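J.: here is my input; please provide its structure:
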Amino acid sequence: MGNSDPSDAFQISLSCDIGSPTLAEAIRASRIIHANLAEEANMRKQVLSGHLVEEIEDVQTAFSELPDPPEDTGL
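T.: Here you go, the predicted structure:
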C-alpha cells in the first residue's frame, strides 16, 4: 500500500465488511480521491512556481538597478 495512512485502509476495510460500499465502489472512490489529490498537488505546484518566477524577476530587477562598480585603478 505504500505510504497510505493505515486508518484509510481500516475505513475501506470496515466499509467493505459492512457491505456498503462494495469493494469495487471503495476502489473507485479511492481512485477518485487519488486523482483529486494529484490535481490539487499540481495546482499548488503551479502556484508555487509562479511565486518563484516572481521572486527571481524581483531579484533580477534589484541587481539591474545596482550602480556600476567603481573602475579598478590597480591600487
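
J.: in this structure, what secondary structure element scores lowest on mean pLDDT?
T.: None of the helices or strands of the chain scores lower by mean pLDDT, DSSP states H and E than helix 6-18, at a mean of 54.

J.: right, and the helix or strand after that one?
T.: Downstream of helix 6-18, the next assigned helix or strand under DSSP states H and E is helix 23-64.

J.: same for that next one, what does it pack against?
T.: With contacts taken as 3 or more C-beta pairs under 8 Å, 6 or more residues apart in numbering; DSSP states H and E, helix 23-64 sits against helix 6-18. For the C-beta atoms, the positions are set from N, CA and C on the backbone; glycine is no exception.

J.: and residue 71, helix, strand or coil?
T.: Secondary structure, DSSP: H, G, I helix; E, B strand; the rest coil: residue 71 is coil.

J.: separation between it and residue 64?
T.: Plainly put, residue 71 is 19 Å away from residue 64 if you go by C-beta to C-beta, to the nearest Å.

J.: same check on residue 43?
T.: For residue 43 relative to residue 64 (C-beta to C-beta), the value is 32 Å.

J.: of these two, which one has the most company?
T.: residue 43 (10 against 7; other C-beta atoms under 10 Å).

J.: give me the pLDDT for that one.
T.: Here the pLDDT value assigned to residue 43 is 94.

J.: residue contacts, it?
T.: Residue 43 makes contact with no residue, according to C-beta atoms under 8 Å, 6 or more residues apart in numbering.

J.: number the chain from 17, please
T.: In the new numbering, first residue 17, that becomes residue 59.

J.: so how far is residue 46 from it?
T.: For residue 59, the distance to residue 46 - C-beta to C-beta - is 21 Å.

J.: before we move on, what about residue 84?
T.: 61 Å.

J.: ok, residue 61 next?
T.: Distance of residue 61 to residue 46, given as C-beta to C-beta: 22 Å.

J.: between the two, which has more neighbouring residues?
T.: residue 46 (14 against 10).

J.: now residue 80: how far from residue 72?
T.: 13 Å.

J.: cool, and residue 46?
T.: Distance from residue 46 to residue 72, by C-beta to C-beta: 39 Å.
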